[in-house]
Each structure stands twice: as structure tokens, then as C-alpha cells.
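> have a look at this prediction, sequence included:
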2 protein chains.
Amino acid sequence: MWRSDAETTARHLQYQYEVGTATGIRCGKYLVPRKKAEIQRLDNTLQHHIAQYITLSNSEFSRCMTYFLPKKLRKRSFLVQEGDVCSYAAFVQKGCLRSYTIDSKGDEHVLQFAIEGWWIGDLYSFLTGEPTSYFIEALEDSELLLLDRKAYEQLTEDIPKFERFFRLLLQNNLIATQRRIIAEHSKSAVERYLDFLKTYPSIAEHVPLRHIASYLGITPEALSRIRRELAEKSL
Amino acid sequence: MWRSDAETTARHLQYQYEVGTATGIRCGKYLVPRKKAEIQRLDNTLQHHIAQYITLSNSEFSRCMTYFLPKKLRKRSFLVQEGDVCSYAAFVQKGCLRSYTIDSKGDEHVLQFAIEGWWIGDLYSFLTGEPTSYFIEALEDSELLLLDRKAYEQLTEDIPKFERFFRLLLQNNLIATQRRIIAEHSKSAVERYLDFLKTYPSIAEHVPLRHIASYLGITPEALSRIRRELAEKSL
DNA sequence: CCGCCTCCTTAACCTGCATCAATCTAATTT
DNA sequence: AAATTAGATTGATGCAGGTTAAGGAGGCGG
């Protein structure tokens, strides 16, 4: 279950395995009924993801798919905003999102990114029904599979193996988040940036630098200096 | 399930409810067989804790107790050290512990404290069997209930409600850990120290200041100055 | 192809916290 | 009670990263 190389393990831990690049079927418009081939592809991303953790028969998998609600999200639009109840856990089929808060001074703080094959959502709000304090924003046109609270409970009742699945997601996410705290206490901004590039190369490709800076807990200006120094050194 | 006041919620989230102070039965020596009254008290701490999350019949509870191994730990001794496999999740009946790493520069970084009614352990090592990179040290003479990997699996099989119980612990811990990251990005050291005092008053009483500093990600000197400034202001 | 975003970079200055080194205090040990 | 040790405080100094303000560069709609 645990691959040995550090990079795969770290990614695995953070948000449960990044699957390979999609084969590239696209549809140009939103709200257009998806073609069969595309449905196939979308299902496969999730199926591949689930298979990392538990074994499902084909019939179980198609049953499980009925609990999800597909949703497309345009770049710069929000899945939830501060004050909403985050009624969904969202699995990313395609695209890229971030979750962040805005503090009392008006500054943004990125908690998480999610690309294809990752989950995103505000767990606290999802589980308690309290309004969230996060914004979840699409950084690119994205396709999600939503699981709402009720569907989540029905799914775990219908296929109890999913109890284990979600527990594993939680465990891995907790471990990664704890490591992030230790890293912020023990490493400099440069080291953390390099770690980020190494651990999440596919996110680094998709995401504006200022969001990475925010995730690392530094300003965009500081990240810019860091990048210049790294560039100068490697010449 | 979720109380409304911020402090209780925060404590709840961090490590699942601090129960009231023990009634104070002590035994002076280690490895002395515990008296019946004491066993009762110890069980009650755990029972109270579990009851926050799931409902158990008395017979289920006494069955569940058979999976735990009691253990006493003297002040300054370790439950696990770096390189060990952390085979246990430990429930704290009495006393106080911390988990920390030592980085490449030789500096300590506190990940977590645990007092009566809390859990501690290295989840990653516990679940994978890989050696841990943490030290778990008793800050006072402590009494623990250990649950090893096998017992954990048997327990969740025997009483499936415990699946839910452990999932809730994980969820709450993850939520609290995520909030800790956001707080470290958005708040000054003073604010974080005040938050700590408010959220975990009973830990602040038990724990040396330098460990609190380490938990907050600052040096003991910085914490000392913060405390002086606060004292001066409040005069 | 022009103007306007959005994002990134650069530079000058500032500050919060780290570092280093003493000193003080209160437990523990003998 | 004296000796030892762990923990907390204080002061002097330095630096990583924040702040502010001003460009620049690429992308996109008109």
C-alpha cells in the first residue's frame, strides 16, 4: 500500500494519490450532456483513486457512482464561499482548485490545493452543517464529483468498505498536515519552497506563484526573491 | 454533539474532549497492582471520553476495555523514541505527555501535548509499521491505556461502532491541525500565545514554557519577552 | 494592435523574532 | 543546607522576511 519513494509517499499522504494525466477528451461548452467516452474517463479517474485504498467489484463501483453529482466549475468561480454551508466533499476530475480563508486584516491564506484525483471541501462545515470560513475557488475550468452529506452516509451504509476508505483519506491528510506544521517550524522559506516543488510538481505547474507563497506562509515578494536567488545559484 | 462556545469547541476539536479533574486516588509506587477503586476511576475517564462520540452498552464497554493495556510512565521517560516503531495509540488516564521531533540542526519541535482524556501516538508509524521520527515523552508521572495495532483491528471488528469513533477523532484532529496552520500564517506570536492559553488552559498549567514556545513555533526567549509585555500591559 | 488586466519582479526600508551569552530562580539531589 | 541542574529571564546584535511602491511582461477582449 505504501510505495517507498519519498515523493510518491508524500503525495499519497497529502491528498491520496495523483493519478496520471487525463487522455484529453474535452468538451467546449458547459452544461452540454457529456459523451459516453467522457463519462468513462471521468469514472476511471475516481475508480483508479478508490482502488488505491479499497477493492471494489464492478457492480459496487457503479453503485457507488450513483451517489455522486457531477458539477462543472468555471475558472474564478466558487464551490463555496465564507458563510455558506459546505454541503459537499468534492472529488476533482479535472482542473484545479484552492481553499483559503481571509483573515481580519483582509489577507488570504491558502489551506489547500486540489488537482485531478484529489479531494477538496471544508470538512468541519460538511460534518457539522455550520457555515464555513473558507472560500473554495476554481483556478481553472474544473470538473468535480460532489458527494453531499446524505449521499455520504448512504454510501457508507450501502458499501461499508467506504468507512475504511474515508478513514484512510483522513489519516493520510492528518499525517501530511502535521508534517506541514513541523516543516514550517524547522525549515526556512527556501527549503519549504523546494520541498513543495519536489512533492507537488504538478500543482506547481498549475498554480499562480502568489498562491504558492500564501500556502507556504510567505509573501509573493519573498517568494520572488527566493526564486531569483535559486536561479542565480544554478547558473 | 458540538457545543457552541468557542473554547469547548476548540478543545473538543483538538484531541477530543478534556474530562474533569480526577478525584485524586494515587499509588506511590510503580508496578504495584492497582486497587479496585482506582481501576474504576481509570475506566471512567475512558468511558466518559468514548461517550462523547458513540453510545456503548455496559457490556460493550467492558469488552472494549479488554483490548487496552495499562501502562505507567515515569516523568522524563519515553513511550517511543525516534527510530522505534510506535506500536500503540495511547489514551492518557493521568499525567501529561508531549510528542516532538528533533530536526537536522538538533532543535526540538513539539507537535502535540496530551493530558488526561487525550490521545497521543504517531499515527503514521502506528498504521504503517515504519519507524517513527517522533519522541513521545512523559512530562509528569503518567498512566496510559495502550491500544496496539492488532487490538485496534480486533476492537473495530468486535464493536464496529469504534470505526466511527476513531474516524471522529481523526476528523476533529485534522480540523484542529488545519486551523493551527492558518493561525500560524495569520496571527502574531502574541496572539497565538493568548489563543493557546484560552484554548488549552489546563495544558498551560502543566507544561514548561519552553515546550509551549516550541509548540507555537518561537524560541523560549521570545515567549519570555511576550509574557513580560503582557504583564506590563495588564498592570 | 492597442489598452487593460493579472501576475511577477525589483528595490529600499523596516520589524519581529532568532541568536548568543549572561544572569537569576527554583527545583532536585546529596 | 549546600551543590547541582533545569528552567526562565534579560540584554545586545543580526537577519529573514514583511511592507511599500514602482515597474515590467504576458494574455485577452475590443
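Cool, the structure landed. Residues are numbered from 1 along each chain as shown, chains lettered A, B, ... in the order given.

> now do stretch A:171-186, average pLDDT.
Mean pLDDT, stretch A:171-186: 96.

> any residue of it touching chain B?
Yes. Residues of stretch A:171-186 contacting chain B under Cβ under 8 Å from any Cβ of the partner chain: A:Q171, A:N173, A:L174, A:I175, A:T177, A:Q178, A:R180, A:I181, A:I182, A:E184, A:H185, A:S186. C-beta: built from backbone N, CA, C; applies to glycine.

> please tell me how far A:L69 sits from A:S57.
As judged by Cβ to Cβ, to the nearest Å, A:L69 and A:S57 stand 23 Å apart.

> so between the two, which is more surrounded?
Between A:L69 and A:S57, A:L69 has the larger neighbour count (other Cβ atoms under 10 Å in any protein chain shown), namely 13 against 9.

> quick one: contacts for A:L79?
A:L73, A:C86, A:Y88, A:A90, A:L97, A:I120, A:G121, A:I136, A:E137, A:A138, A:L144 (Cβ atoms under 8 Å, 6 or more residues apart in numbering or on different chains).

> what about A:S62, which helix or strand?
helix A:58-65 (DSSP states H and E).

> return that helix as CSV; C-alpha atoms alone will do.
Only the C-alpha atoms of helix A:58-65 are listed here, as CSV (Å, rounded to 0.1, in the frame of the first residue of the first chain):
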residue,chain,number,x,y,z
ASN,A,58,-17.5,-3.5,-10.8
SER,A,59,-21.1,-3.6,-9.5
GLU,A,60,-20.1,-1.9,-6.3
PHE,A,61,-18.3,0.7,-8.2
SER,A,62,-21.2,1.5,-10.5
ARG,A,63,-23.5,1.6,-7.4
CYS,A,64,-21.1,4.0,-5.7
MET,A,65,-21.1,6.3,-8.7
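
> show me what that helix is packed up against.
Packed against helix A:58-65 by the contact rule (3 or more Cβ pairs under 8 Å, 6 or more residues apart in numbering or on different chains; DSSP states H and E) you find helix A:36-51, helix A:149-158.

> now do the buried residues in that helix.
A:E60, A:C64 (16 or more other Cβ atoms under 10 Å in any protein chain shown).

> list the contacts of it.
Residues outside helix A:58-65 that contact it (Cβ under 8 Å, 6+ apart) are A:D43, A:L46, A:Q47, A:I50, A:L56, A:L155, A:D158, A:I159, A:K161, A:F162.

> same thing but at 10 Å, please
Helix A:58-65 is contacted from outside by A:39, A:42-43, A:46-47, A:50-51, A:54, A:56-57, A:145, A:147, A:151, A:155, A:158-159, A:161-162, A:165, using Cβ atoms under 10 Å, 6 or more residues apart in numbering or on different chains.

> following that helix, which helix or strand shows up next?
Criterion used, DSSP H and E; the element after helix A:58-65 is strand A:69-73.

> DNA strand D contacts on chain A?
When proximity is defined as Cβ under 7 Å from any atom of the strand, chain A approaches DNA strand D at A:S188, A:A189, A:V190, A:G217, A:I218, A:T219, A:E221, A:A222, A:I226.

> any chance of the residues of stretch A:171-186 next to chain B in JSON lines, plus neighbour count and secondary structure?
Below are the residues of stretch A:171-186 next to chain B laid out as JSON lines (neighbours: other Cβ atoms under 10 Å in any protein chain shown; DSSP: H, G, I helix; E, B strand; the rest coil):
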{"residue": "A:Q171", "neighbour count": "22", "secondary structure": "helix"}
{"residue": "A:N173", "neighbour count": "22", "secondary structure": "helix"}
{"residue": "A:L174", "neighbour count": "22", "secondary structure": "helix"}
{"residue": "A:I175", "neighbour count": "23", "secondary structure": "helix"}
{"residue": "A:T177", "neighbour count": "21", "secondary structure": "helix"}
{"residue": "A:Q178", "neighbour count": "24", "secondary structure": "helix"}
{"residue": "A:R180", "neighbour count": "21", "secondary structure": "helix"}
{"residue": "A:I181", "neighbour count": "20", "secondary structure": "helix"}
{"residue": "A:I182", "neighbour count": "18", "secondary structure": "helix"}
{"residue": "A:E184", "neighbour count": "18", "secondary structure": "helix"}
{"residue": "A:H185", "neighbour count": "20", "secondary structure": "helix"}
{"residue": "A:S186", "neighbour count": "18", "secondary structure": "helix"}
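
> with distance to A:T101 added, can I get those residues in CSV?
Below are these laid out as CSV (distance: Cβ to Cβ, whole Å):
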residue, distance to A:T101
A:Q171, 24
A:N173, 17
A:L174, 19
A:I175, 22
A:T177, 15
A:Q178, 20
A:R180, 16
A:I181, 17
A:I182, 22
A:E184, 17
A:H185, 21
A:S186, 24
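
> tell me the one of those residues nearest B:D195?
For the residues of stretch A:171-186 next to chain B, the minimum distance to B:D195 (Cβ to Cβ) is 15.0 Å, reached by A:I181.

> which elements pack onto the helix or strand where A:R228 lies?
Here A:R228, judged by DSSP H and E, is contained in helix A:220-234. Judged by 3 or more Cβ pairs under 10 Å, 6 or more residues apart in numbering or on different chains; DSSP states H and E, the packing partners of helix A:220-234 are helix A:189-199, helix A:209-216.

> now do the buried residues in it.
By neighbour count on 16+ other Cβ under 10 Å, the buried set for helix A:220-234 is A:L223, A:I226.

> what's the mean pLDDT across that helix?
The average pLDDT within helix A:220-234 is 92.
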